[in-house]
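Asker: Here is my input, please return the structure:
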Amino acid sequence: MLVQLLTHTPEPEQVVAAAARLCYSASSVAELMEKSRHDRDGLLRKILSLGHFSVLEHVSFTFGVEGISRACSHQLVRHRLASYSQQSQRYVSQEKRFDAVTPATIAANPELCQRYEALLAETHQVYCELLAAGIPAEDARFVLPNAAETKIVLTMNARELLHFFELRCCRRAQWEIRLMAIDMLRLARRAAPLLFAKAGPGCLQGPCPEGSMTCGEITAVRQEFEAL
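Answerer: Numbering: from 1, shown residues only. You can find the predicted model right below:
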């Protein structure tokens with residue numbers, strides 16, 4: 001899996017601070033941007049602590065993700081307040097190359113892993129035979145599994161990213177999207193450390209929101225994200 005931060009709103013923390021000040025100031029936007037360069041930290045901490053997240057919607061972050069499975073991307077696109085561009089199985093043929101994600105639980109069992117890889121190889125063979133018979137790629141792709149690798153570019157605003165991290169950094173999230181979310185959070189913190197200083201699973205700032213389904217490791221989780 002490869003996760004990259006491709007681009008983001010320039011000076012995201014200054015933009016958020018200026019937007020917050022604009023609601024209560026007669027100053028120009030240029031003046032507010034300049035003022036926010038010097039005293040943004042306290043204001044941003046106050047905004048985040050009060051839950052005034054609407055101003056976070058003015059900044060966005062665009063990530064490129066490679067080497068995730070279709071099973072993972074199907075979960076990802078459920079986050080509707082985002083924009084996605086995904087590699088097409090209709091227009092990008094898998095005839096010469098068919099990469100797949102192998103879960104660690106399968107890889108750890110040599111006998112089952114061998115059968116898993118054999119099934120993937122057979123699937124690829126059938127796919128190629130369908131193409132050779134003149135079946136359109138958009139129909140031949142029906143045999144491709146959830147394990148098939150894909151690439152995707154996604155853009156989220158900072159408010160939606162906080163929500164995404166709250167859900168997908170949780171230890172109860174599916175392992176693949178959790179790894180992706182943690183990599184995204186690491187990159188987002190570098191770009192905007194104040195905005196994402198406390199971002200992560202819901203249990204970082206209070207009791208576990210999973211209730212009886214909790215992983216029971218809240219202390220370890222908090223240590224993990226403090227050291228991220």
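Asker: so which strand or helix has the residue positioned nearest the centre of the chain?
Answerer: Of all residues in the chain, the one closest to the mean position by CA atoms, centre = their mean is A181, 4.3 Å from it. In the assignment (DSSP states H and E), A181 maps to helix 175-191.
Asker: Read off the pLDDT value for the residue nearest to the centre of the chain.
Answerer: Predicted confidence (pLDDT) for A181: 98.
Asker: surely it meets E166?
Answerer: No: under the criterion of CB atoms under 8 Å, A181 makes no contact with E166, lying 9.6 Å away. All C-beta spots, glycine's among them, are computed from the backbone N, C-alpha and C.
Asker: Not including adjacent chain positions, what is the nearest residue to the residue nearest to the centre of the chain?
Answerer: R168 (3.8 Å; CB to CB, 6 or more residues apart in numbering).
Asker: mind listing what's buried in the helix holding A181?
Answerer: Across helix 175-191, burial judged by 16 or more other CB atoms under 10 Å covers 176-185, 187-189, 191.
Asker: sorry, back to before: any idea how far the residue nearest to A181 is from A118?
Answerer: 32 Å (CB to CB, to the nearest Å).
Asker: ok, these two, which is more surrounded?
Answerer: Each of R168 and A118 has its neighbours counted (other CB atoms under 10 Å); R168 has more, 22 against 10.
Asker: which residues touch the more buried one?
Answerer: Each residue near R168 by CB atoms under 8 Å, 6 or more residues apart in numbering is listed here: I177, R178, M180, A181.
Asker: What does it show for phi and psi?
Answerer: Main-chain torsions, R168, degrees, to the nearest 10: phi -90, psi -10.
Asker: measure it to I152 for me?
Answerer: In terms of CB to CB, R168 sits 14 Å off from I152.
Asker: With F53 instead?
Answerer: F53 is 25 Å from I152, by CB to CB.
Asker: got it, and L44?
Answerer: 30 Å.
Asker: Show me which of those two is the more surrounded one.
Answerer: L44 (22 against 18).
Asker: Mind telling me what element that one is part of?
Answerer: With DSSP H and E as criterion, L44 is part of helix 29-50.
Asker: next SSE after that helix?
Answerer: strand 60-69.
Asker: buried sites along that following strand?
Answerer: S60, F61, T62, F63, V65, I68, S69.
Asker: Kindly report the same for stretch 52-61.
Answerer: F53, V55, L56, H58, V59, S60, F61.
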